[in-house]
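[1] What follows is a protein structure lacking sequence information:
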């Protein structure tokens, strides 16, 4: 049974609908954060939560008042428990702007949708095959603020 967390509730994926007039659907007005969970805890949660707050501020989106770090941790743990994902889970939190509007959004509020899936491996594994890495000095990454937002 596939379940999502939508705002404060858990719903079946088959019961979730996006309003086609929603700015998130029409214009991609929102952002997401992908996280790794082991057990019922997200790895590096504080870093992820800080990036979510930064993205919301940058996009002028108002996160719900109830969305504290503790609430989000509990909501994710509840979702992982319902899905029986206790090892190696991918958790994706999407923040989609509510309301309509063509050039200017009619609302700064957003919905929070959390989904989770199994990664296929439970524990971190060390690959025996060596990996060769380097630094690309020919193509430097631009330092624009919008590049910090996963959208």
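    Perfect, thanks for sending it. It should be emphasised that the depicted structure is a prediction, and the values quoted were computed from it without experimental measurement. Residues are numbered from 1 along each chain as shown.
[2] Quick check: buried residues in stretch 58-73?
    Residues of stretch 58-73 classed as buried: 59, 61, 63, 67, 72 (neighbour count, 16 or more other CB atoms under 10 Å). Heads up, the C-betas are built off the backbone N, CA and C, glycines and all.
[3] Just those residues: which are in helices?
    Among those, DSSP state H puts residue 72 in helices.
[4] The buried residues of stretch 58-73 into JSON lines, with extra columns for pLDDT and distance to residue 113?
    JSON lines is the format used below for the buried residues of stretch 58-73 (pLDDT from 0 to 100; distance: CB to CB, whole Å):
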{"residue": "59", "pLDDT": "92", "distance to residue 113": "16"}
{"residue": "61", "pLDDT": "93", "distance to residue 113": "14"}
{"residue": "63", "pLDDT": "95", "distance to residue 113": "13"}
{"residue": "67", "pLDDT": "96", "distance to residue 113": "12"}
{"residue": "72", "pLDDT": "97", "distance to residue 113": "12"}
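[5] What is the nearest of the buried residues of stretch 58-73 to residue 22?
    residue 61 (13.2 Å; CB to CB).
[6] Now do the same contact list for the closest one.
    30-31, 55, 95, 97, 108-110 (CB atoms under 8 Å, 6 or more residues apart in numbering).
[7] So for it, what's the nearest residue that isn't a sequence neighbour?
    residue 110 (4.8 Å; CB to CB, 6 or more residues apart in numbering).
[8] Give me the buried positions along whichever strand or helix holds the one you found.
    Here residue 110 sits within strand 110-118, counting by DSSP states H and E. By neighbour count on 16+ other CB under 10 Å, the buried set for strand 110-118 is 110-116.
[9] Among the residues you listed, pick out the one closest to residue 15, please.
    Of all these, residue 15 sits closest to residue 113, with 12.7 Å by CB to CB.
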